[in-house]
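J.: Structure for the following, please:
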Amino acid sequence: ADATVAMAGGDLSAVDAASFTVEVGCAINIGSSAAPLQIQATTVTIAGTGTVYITPNCTTMNVMASGSTYCSSTSTHPTINHHAGSTQTQAAITTLLVDGGVVTHGLAGKTTATVGTATVENATLYYNSTGTLTTANIKTSGTLSGNNCAGATTITTCNLYKNGRLLDTYNRFILTNGVA
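T.: All right, here's what the predicted structure looks like:
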C-alpha cells in the first residue's frame, strides 16, 4: 500500500500467478482504457482507491475498492464478488455477487455478454447488456436496473425479495418465468 507510481498496462498473461492483489489503501492507477493490465491469476483482488483497467483471466475476482475498476475481457469471468466502489464489466460472468457499490454490466447497445446468476443486495447492478441473465436474485436494498439498456434483455428467473427493486422504465426486460 506504499506504492506511489502508477502501473502501466500491458500483457502479463504469460505469467500464471496464484493471485494478484491491489492492497487496501493503495492509491495508484493501474493500466488505461487504451492499455489495460492483462493478467493471468487464480484470484484477482482489487482493494485500492485508484482507477484500475484490467483484463483478467482468473477464477475469482474480488472488488473491495473505493476506486473504479474497468474490467474488459473476451473470456468468461467465472466469479466476481463486488463489495465496494464501482466496476464496469463487458465479458460473460458465471456468478456475480454485488453486495456493495455499483456494477455496470455492458455498454448500452454494444454488449451481448451474459450473466449466469446475479445476486444484488445493498447495492446496484445496471444491466446494460442484451445478453441473457439466467437468474437474478434481488435482495434487501438491492437494485437491478435495465433503464440504460438499448435493447431487450431476457431474465429467465427473477427472484425479488422484500425491499429489493427491479427498475425497467422502458420495458427492456423479458421475464421468462415472471417475478417470484
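J.: show me where pLDDT drops low in this protein?
T.: Low-confidence regions of the chain, defined by pLDDT under 70, span residues 1-4, 74-75, 108-109.
J.: Try it again at 80.
T.: Filtered on pLDDT under 80, the chain yields the residue ranges 1-5, 72-76, 108-110.
J.: now the strands: where do they sit in it?
T.: Ranges of strands within the chain are 10-22, 37-46, 51-57, 60-71, 77-89, 93-98, 102-105, 115-120, 124-127, 133-138, 143-145, 153-160, 165-167, 173-175, based on DSSP state E.
J.: Rebuild these as JSON lines, extending it with mean neighbour count and distance to N29.
T.: C-beta coordinates here come from the backbone N, C-alpha and C atoms, glycine included. Below are the strands of the chain laid out as JSON lines (neighbours: other Cβ atoms under 10 Å; distance: least, Cβ to Cβ, whole Å):
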{"stretch": "strand 10-22", "mean neighbour count": "13", "distance to N29": "10"}
{"stretch": "strand 37-46", "mean neighbour count": "20", "distance to N29": "10"}
{"stretch": "strand 51-57", "mean neighbour count": "22", "distance to N29": "5"}
{"stretch": "strand 60-71", "mean neighbour count": "21", "distance to N29": "8"}
{"stretch": "strand 77-89", "mean neighbour count": "21", "distance to N29": "14"}
{"stretch": "strand 93-98", "mean neighbour count": "21", "distance to N29": "23"}
{"stretch": "strand 102-105", "mean neighbour count": "24", "distance to N29": "19"}
{"stretch": "strand 115-120", "mean neighbour count": "22", "distance to N29": "27"}
{"stretch": "strand 124-127", "mean neighbour count": "23", "distance to N29": "23"}
{"stretch": "strand 133-138", "mean neighbour count": "21", "distance to N29": "31"}
{"stretch": "strand 143-145", "mean neighbour count": "21", "distance to N29": "28"}
{"stretch": "strand 153-160", "mean neighbour count": "18", "distance to N29": "32"}
{"stretch": "strand 165-167", "mean neighbour count": "16", "distance to N29": "32"}
{"stretch": "strand 173-175", "mean neighbour count": "17", "distance to N29": "35"}
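J.: With distance to I28 added, can I get these in TSV?
T.: What follows is the strands of the chain, written out as TSV (distance: least, Cβ to Cβ, whole Å):
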stretch	distance to I28
strand 10-22	8
strand 37-46	11
strand 51-57	9
strand 60-71	10
strand 77-89	15
strand 93-98	25
strand 102-105	22
strand 115-120	29
strand 124-127	26
strand 133-138	34
strand 143-145	31
strand 153-160	36
strand 165-167	35
strand 173-175	38
